[in-house]
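> would you be able to build a 3D model of this:
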Amino acid sequence: MLLCVCAMAQSRVTIVFTCHSVGGNWLRPDSITVENLSLGWKETLIYPDTQYVLKVGTGIENVETRLIASLQATPNPFAGTTTVNLQMPEPGDVQVEIADIQGRIVETCHGASLQPGTHNLRVSLRTPGVYMLNACVNGRTLSAKLVNTGNGGKDVVEFNGLVEAPYYDASTTPKSAKGSSTHPFQLGDRMRYVAYVSYTNSEALTQFQSQSEEVVLSFPRLPLPGDAIPCPGTPTVTDYDGNIYHTVKIGDQCWMKENMRTTHYANGGIIPEGSTSSSTTPYYYDYDTSGIALAQRGYLYNWPAVMHGAGSSDANPSGVQGICPNGWHVPSDAEWDQLENYLRSQSLYKIDGDITKALASPTGWVTSQEYSVGNDPSTNNLTGFSAVPAGFWKDDGFNGAGHYAYFWVSTEYDNNTNQAWIHILNYSTLGMHKNRYYKEVGISVRCVKN
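As a prediction, the model looks like this:
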């Protein structure tokens with residue numbers, strides 16, 4: 001989002017944070033934690049603060065405070081139009097130009113005899129793409145990468161005037177500027193930086209800080225905008241028993257992030273615990289040997305318990321509340337297909353060419369070979385769906401813990417068999433599988449918001 005600037009006085013060290021994914025996409029951080037490991041303090045920057053000033057402690061009061069030249073676009077990426085703040089350490093002339101990725105000059109402007117302080121520029125770009133904004137300030141060039149995702153109508157870059165005077169007063173004692181630390185700091189202190197975007201953190205960067213510089217924080221993987229975060233307005237949902245489930249937004253759907261673990265329907269009706277199988281009597285089963293906490297694995301239910309007397313549905317939405325809390329429903333085969341088709345349409349979710357790892361929890365899986373959910377599970381769960389291998393229950397007991405995540409849907413296989421569809425994640429293979437299963441088998445279930 002921002003490119004580096006250098007400190008113009010050794011009394012200050014200025015860090016400009018830039019975040020990007022492994023694929024090279026520039027990201028807007030929600031927050032950045034800064035920790036001084038040498039002196040034992042920690043604080044958090046909240047966006048739009050991405051420039052951070054550390055005052056070097058010398059034991060002698062500074063008699064001079066100089067501004068740091070900088071160039072910052074907010075927002076960035078932007079949809080057609082953004083604002084650029086140019087901070088001038090001293091009066092002078094500024095020549096600004098914007099070039100596209102091929103180096104062609106798109107637009108220019110000139111600011112003559114500008115006063116010290118922060119100057120505001122308006123930038124509009126009509127064509128989506130990546131651009132470089134270069135500002136020549138008194139013979140010194142500052143640069144910022146701009147990522148445009150929309151149409152601003154026409155290509156424009158123009159000065160809107162001085163918006164902030166220099167952040168020092170007549171006594172030369174610096175004021176607390178935006179993004180400035182009040183904590184003690186010495187050149188060479190060991191610092192640790194971590195950025196956060198949509199509940200995902202960057203790789204931690206630890207280094208000895210002795211100069212002003214750009215610090216790039218890298219995200220090994222990141223959800224698409226709007227995905228893998230709690231559903232807007234519904235971060236959690238509570239069932240009749242008081243169990244709390246977290247939610248996750250994926251595409252246009254809002255899913256529960258954990259498996260159902262209720263022993264009552266929303267109307268208070270009891271779901272009995274089963275010790276035998278039945279294709280007509282609703283049962284839940286808790287014959288667990290997986291080692292996965294109940295809050296994640298949930299109970300296993302036969303299909304009659306899941307449906308609560310409702311008939312088969314392959315509509316989208318299914319219209320079957322079944323075992324789900326009020327305002328939620330059992331997903332149909334069509335709704336599971338919608339989830340999987342959405343993920344396949346987004347290249348970010350394809351790991352080794354498939355979406356399975358993007359749905360699987362990073363814990364609980366049996367280790368397996370390359371190109372599978374069980375291989376390097378730390379790379380799983382890009383969607384936040386957190387599918388755990390809870391296995392299944394049959395007359396011969398609990399099976400498949402650590403190996404399989406099975407999920408009931410509201411859709412029967414056909415009207416002439418005692419079977420319904422399930423969707424499957426397998427520890428040793430990639431690819432979401434769909435299969436028919438007998439209704440008396442105990443299997444996990446997730447709910448979708450109406």
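
> my read: Glu97 touches Asn134, true?
Yes: taking C-beta atoms under 8 Å as the definition, Glu97 is a contact partner of Asn134 at 5.4 Å. Using the backbone N, CA and C atoms, a C-beta is placed for each residue, glycine as well.

> any idea how far Thr263 is from Met307?
16 Å (C-beta to C-beta, to the nearest Å).

> now swap in Ser202 and tell me
From Ser202 to Met307 the distance is 44 Å (C-beta to C-beta).

> what is the neighbour count of the nearest residue to Gly391 once chain neighbours are set aside?
Nearest non-adjacent residue to Gly391, counting by C-beta to C-beta, 6 or more residues apart in numbering: Gly400, 3.4 Å away. The number of residues packed near Gly400 is 19, by other C-beta atoms under 10 Å.

> now do the contacts for Gly400.
Residues near Gly400 by C-beta atoms under 8 Å, 6 or more residues apart in numbering: 389, 391-392, 406.

> ok, now Gly92?
Taking C-beta under 8 Å, 6+ apart, one finds 113-114, 137-138 in contact with Gly92.

> likewise Tyr131?
Counted by C-beta under 8 Å, 6+ apart, Tyr131 has contacts 98-101, 106, 125, 145-148.

> compare those and tell me which is most surrounded.
Leu125 (26 neighbours).

> ok, now how distant is that residue from Gly111?
Separation of Leu125 from Gly111 (C-beta to C-beta): 19 Å.

> quickly list the domain ranges of this structure.
Split into domains by automatic domain parsing, the chain comes to 1-63+171-222, 68-166, 236-449.

> among these, which comes closest to Ala228?
domain 236-449 (3.7 Å; C-beta to C-beta).

> endpoints of that closest one, how far apart?
This stretch, domain 236-449, spans 11 Å end to end (C-alpha to C-alpha, to the nearest Å).

> same question for stretch 432-450.
In stretch 432-450, first residue to last residue: 24 Å (C-alpha to C-alpha).

> now do that stretch: distance to the chain's middle.
27 Å (C-alpha atoms, centre = their mean, to the nearest Å).

> so, low pLDDT: which residues of the stretch 251-400 of the chain?
Low-confidence segments of the stretch 251-400 of the chain (pLDDT under 70): 288-290.

> all helices of it, in order?
294-297, 303-307, 333-344, 356-359 (DSSP state H, counting those that start in this stretch).

> list the buried ones in stretch 293-301?
296-301 (16 or more other C-beta atoms under 10 Å).

> now, which of those sits nearest Thr417?
For the buried residues of stretch 293-301, the nearest to Thr417 is Tyr301 (19.3 Å; C-beta to C-beta).

> do you know how far the closest one is from Ile424?
For Tyr301 relative to Ile424 (C-beta to C-beta), the value is 16 Å.

> follow-up on the earlier one: more crowded one of Thr263 and Met307?
Met307 (24 against 16).

> ranges for the strands of the stretch 351-450 of the chain?
Per DSSP state E, counting those that start in this stretch, the stretch 351-450 of the chain carries strands over the ranges 392-394, 397-399, 404-412, 419-426, 433-438, 448-449.

> my bad, should have said the stretch 151-300 of the chain
Under DSSP E, counting those that start in this stretch, the stretch 151-300 of the chain gives strands at 156-164, 189-197, 200-201, 205-209, 213-219, 236-238, 244-250, 253-256, 284-285, 300-301.

> now the first one: mean pLDDT?
For strand 156-164, mean pLDDT rounds to 80.

> burial count for Asn267?
9.

> apart from its neighbours in sequence, what residue is nearest it?
Computed as C-beta to C-beta, 6+ apart, the closest residue to Asn267 that is not its neighbour in sequence is Tyr240, at 7.9 Å.

> dihedrals phi and psi, the one you found?
The phi/psi pair for Tyr240 (degrees, to the nearest 10) reads phi -60, psi -30.

> show me what contacts it?
262, 264-268, 325.

> separation between it and Met88?
With C-beta to C-beta as the criterion, Tyr240 and Met88 are 63 Å apart.

> inside strands: which ones of the contacts of Gly92?
113-114, 137 (DSSP state E).

> tell me the buried residues within these.
Buried subset of the ones in strands among the contacts of Gly92 (neighbour count, 16+ other C-beta under 10 Å): 114, 137.

> same list (the ones in strands among the contacts of Gly92) but as TSV, adding pLDDT and distance to Pro77.
What follows is the ones in strands among the contacts of Gly92, written out as TSV (pLDDT from 0 to 100; distance: C-beta to C-beta, whole Å):
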residue	pLDDT	distance to Pro77
Ser113	79	33
Leu114	80	27
Val137	84	25
